[in-house]
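J.: Here is my input, please return the structure:
(chains A, B, C and D)
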Number of protein chains: 2
Amino acid sequence: MTKTVPNAAPGTEVLNVSDHTLRGLLGYNIKRAFNVMQSDLNRALKPHDLRMITFTALVLIVDNPGLRQSQLADALAIERPNLVVIIDELEARELITRDRVPTDRRAYSLQVTLAGRQVYNAALRDVQAHEACLLSGLGAADRARVIAAMQVIEQVRDRRATT
Amino acid sequence: MTKTVPNAAPGTEVLNVSDHTLRGLLGYNIKRAFNVMQSDLNRALKPHDLRMITFTALVLIVDNPGLRQSQLADALAIERPNLVVIIDELEARELITRDRVPTDRRAYSLQVTLAGRQVYNAALRDVQAHEACLLSGLGAADRARVIAAMQVIEQVRDRRATT
DNA sequence: TATTGTTATACTCTATAACTATA
DNA sequence: TATAGTTATAGAGTATAACAATA
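T.: Model (predicted):
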């Protein structure tokens, strides 16, 4: 039941990472998988001058034209103040527009520009290709199952609050 | 093929998070699942005055008596300088000991203390219970599959470097 | 010359309080 | 009074360079 690290780098001692402790915990495995995922994703986004968070914001604006910043912050699961610099960056690059909402002059309406849509198309294609590569070790059914499982985990908190 | 966010908080507008863009990407789903996982995990560890990183370090020291700091930093996938304060913290609480290695007086040998083993036992029990709760929406087979899939993703980089 | 642990430092990400302008 | 966006700021987490002691 106890296994050793399989891919020790040259010069690295092989450590005991036990199946009945760390390797059996989703928390440990998901953290490591997420680290790999995120650094590879950022490498795929680098040619487009995007990070994971700016890319996700751009996609949400494309999919939800006229979105407000507070809604976007909720969707990104970040605080409103931290969204400001992200929006500033996308607007400065003229990938999105930020216009006052006529009916509520406190709020901004976010829209993608033509240039923004082009960056979106190119970046999404690269990200999808990158994910296909990262998931090449899994069959199509397993990939769908993993994504579904992530969504189940994400929504446990909501289910708890509701029940 | 397009879905809306199912658990919109009261007062929050329902956004379009499309299956063929964000919801279809593992990167987006794994980030959100990891956020939920990590904050719940830290809540489970709080009574033991541990964070995810200090807990993981403690488990690795228990499973690998006599471990050196550089090995532990590698295993935790963090840089050596950042491990120092973590080890300082565990040593100050007398959960581990840090002794000079006789054969290499540059290095330290890390060992768990009796108190450290008690904290380890209690924290591991709580973390496992917490994970069981978080994964209650998945069957046993799915849980094993998800953990296996995380390990596949984690090792893609190594496979690439080797091939 | 190389390595172990350390210090100092900087950069990113995240979280909170308080401000402004609107409602 | 409450809300949308903003500013300032503080705390984590993480990365690099450079140092002392040792190999």
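J.: contacts, neighbours, all on C-alpha from now
T.: Fine.
J.: Run through the helices of chain A in chain order.
T.: With DSSP state H, the ranges of helices along chain A come out as A:26-45, A:52-63, A:69-76, A:80-92, A:114-134, A:140-154, A:156-162.
J.: Please tabulate those helices in TSV and include distance to DNA strand D and mean pLDDT as additional columns.
T.: Shown next, in TSV, are these (distance: least, C-alpha to the nearest atom of the strand, whole Å; pLDDT from 0 to 100):
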stretch	distance to DNA strand D	mean pLDDT
helix A:26-45	8	94
helix A:52-63	12	98
helix A:69-76	3	96
helix A:80-92	4	98
helix A:114-134	18	96
helix A:140-154	20	94
helix A:156-162	20	64
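J.: Just send those back as JSON lines, with mean neighbour count and distance to B:E91 too.
T.: Output for the helices of chain A, formatted as JSON lines (neighbours: other C-alpha atoms under 10 Å in any protein chain shown; distance: least, C-alpha to C-alpha, whole Å):
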{"stretch": "helix A:26-45", "mean neighbour count": "20", "distance to B:E91": "23"}
{"stretch": "helix A:52-63", "mean neighbour count": "21", "distance to B:E91": "37"}
{"stretch": "helix A:69-76", "mean neighbour count": "18", "distance to B:E91": "38"}
{"stretch": "helix A:80-92", "mean neighbour count": "15", "distance to B:E91": "36"}
{"stretch": "helix A:114-134", "mean neighbour count": "17", "distance to B:E91": "39"}
{"stretch": "helix A:140-154", "mean neighbour count": "18", "distance to B:E91": "34"}
{"stretch": "helix A:156-162", "mean neighbour count": "12", "distance to B:E91": "34"}
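J.: Which one, of the ones you listed, ends up nearest to DNA strand C?
T.: For DNA strand C, the closest of the helices of chain A is helix A:80-92, at 4.7 Å, according to C-alpha to the nearest atom of the strand.
J.: next one: that closest one to chain centre, how far?
T.: Computed by C-alpha atoms, centre = their mean, to the nearest Å, the chain-centroid distance of helix A:80-92 equals 17 Å.
J.: Give me the helices and strands touching it, please.
T.: Under the contact definition 3 or more C-alpha pairs under 8 Å, 6 or more residues apart in numbering or on different chains; DSSP states H and E, helix A:80-92 sits against helix A:52-63, helix A:69-76, strand A:96-101.
J.: tell me the angle of the last one relative to helix A:114-134?
T.: In terms of direction (axes from the mean of the first three to the mean of the last three C-alpha atoms, to 10 degrees), strand A:96-101 departs from helix A:114-134 by 130 degrees.
J.: related to what we said a few turns ago, how about the helices of chain A, which one is nearest A:S18?
T.: A:S18 sits nearest to helix A:26-45 of all these, at 11.5 Å, using C-alpha to C-alpha.
J.: Residues contacting that closest one, please?
T.: A:22-23, A:50-52, A:55, A:123, A:126-127, A:130-131, A:134, B:27, B:30-31, B:34, B:37-38, B:41, B:56, B:131, B:147, B:150-151, B:153-154, B:157 (C-alpha atoms under 8 Å, 6 or more residues apart in numbering or on different chains).
J.: circling back to that earlier point, any idea which of the helices and strands packed on helix A:80-92 gets closest to B:T113?
T.: Among the helices and strands packed on helix A:80-92, if distance is taken as C-alpha to C-alpha, the winner is helix A:52-63, at 41.5 Å.
J.: Turn the helices and strands packed on helix A:80-92 into JSON lines, including distance to B:V62.
T.: Output for the helices and strands packed on helix A:80-92, formatted as JSON lines (distance: least, C-alpha to C-alpha, whole Å):
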{"stretch": "helix A:52-63", "distance to B:V62": "36"}
{"stretch": "helix A:69-76", "distance to B:V62": "38"}
{"stretch": "strand A:96-101", "distance to B:V62": "52"}
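J.: Nearest approach to B:L110 belongs to which of these?
T.: That would be helix A:52-63 among the helices and strands packed on helix A:80-92, by C-alpha to C-alpha, at 37.0 Å.
J.: from the middle of its chain, how far away would that closest one be?
T.: So, by C-alpha atoms, centre = their mean, the centroid of helix A:52-63 is 9 Å from its chain's centroid.
J.: is chain B contacted by that helix?
T.: Yes: contact between helix A:52-63 and chain B, assessed by C-alpha under 8 Å from any C-alpha of the partner chain, occurs at A:56, A:59-60, A:63.
J.: Alpha carbons of stretch A:18-25, in CSV - could you do that?
T.: Output of stretch A:18-25 as CSV, limited to C-alpha atoms (Å, rounded to 0.1, in the frame of the first residue of the first chain):
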residue,chain,number,x,y,z
SER,A,18,2.4,7.0,1.3
ASP,A,19,-0.9,6.1,-0.3
HIS,A,20,-2.7,5.9,3.0
THR,A,21,-1.6,9.5,3.9
LEU,A,22,-0.7,12.2,1.4
ARG,A,23,-1.3,10.3,-1.9
GLY,A,24,-4.7,9.2,-0.7
LEU,A,25,-5.8,12.8,-0.1
